[in-house]
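Peer 1: Generate coordinates for the sequence data below:
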Amino acid sequence: MNKNNFKHSGAFGDLIYSLPMVKHFGGGGFYLHLGQLNWIGQHYYGSAPQEFHQGRLTLQDFDFMKSFMEAQDYISHFEILDASRTEITHNLDRFRPPF
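Peer 2: Numbering: from 1, shown residues only. Purely as a prediction, here's the structure:
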């Protein structure tokens, strides 16, 4: 059984673009870190995100994506991140610091 756990906090597009990497590393569990886009914008880019992204990703966004994500044969489960209970092996937000 695959023990990979992937985490992402970005917008839908960032999440979709991360899927080839998830597949490349053999798949596994995928965890969505909700409500991080405002923090990401301030911390990495120095300003609030574009208006469309402000306040995202929400529980409704998670629910919208769930069936799509679980339809990928390399994703064993798609859950909301509880960092106190889940060890993340692949942080898909790590591409941000160089920018």
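
Peer 1: Please, where are all the helices along the chain?
Peer 2: Along the chain, the segments classed as helices by DSSP state H run 12-24, 37-45, 59-70.

Peer 1: out of these, which comes closest to residue 4?
Peer 2: helix 12-24 (8.0 Å; C-beta to C-beta). In short, each C-beta sits where N, CA and C put it, glycine included.

Peer 1: Would you mind pulling up the elements that that closest one packs against?
Peer 2: Applying 3 or more C-beta pairs under 8 Å, 6 or more residues apart in numbering; DSSP states H and E, one finds that helix 12-24 contacts strand 5-8, strand 28-32, helix 59-70.

Peer 1: Make TSV out of those and add mean pLDDT, mean neighbour count and distance to residue 86.
Peer 2: TSV is the format used below for the helices and strands packed on helix 12-24 (pLDDT from 0 to 100; neighbours: other C-beta atoms under 10 Å; distance: least, C-beta to C-beta, whole Å):
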stretch	mean pLDDT	mean neighbour count	distance to residue 86
strand 5-8	93	22	6
strand 28-32	95	22	6
helix 59-70	92	13	15
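
Peer 1: between those, which gets nearest to residue 76?
Peer 2: Ranking the helices and strands packed on helix 12-24 by proximity to residue 76 (C-beta to C-beta) places strand 28-32 first, at 5.5 Å.

Peer 1: Let's test this: name the helix or strand in this structure with the lowest mean pLDDT.
Peer 2: helix 37-45 (a mean of 56; mean pLDDT, DSSP states H and E).

Peer 1: Neighbours of residue 26, how many?
Peer 2: 11 (other C-beta atoms under 10 Å).

Peer 1: Report how many residues lie close to residue 75.
Peer 2: For residue 75, the count of nearby residues is 19 (other C-beta under 10 Å).

Peer 1: so it touches residue 69, yeah?
Peer 2: Yes. Counting by C-beta atoms under 8 Å, residue 69 is a contact partner of residue 75 at 5.6 Å.

Peer 1: any shared contact partners between the two?
Peer 2: By C-beta atoms under 8 Å, 6 or more residues apart in numbering, residue 75 and residue 69 have these common neighbours: residue 30.

Peer 1: All set, thanks.
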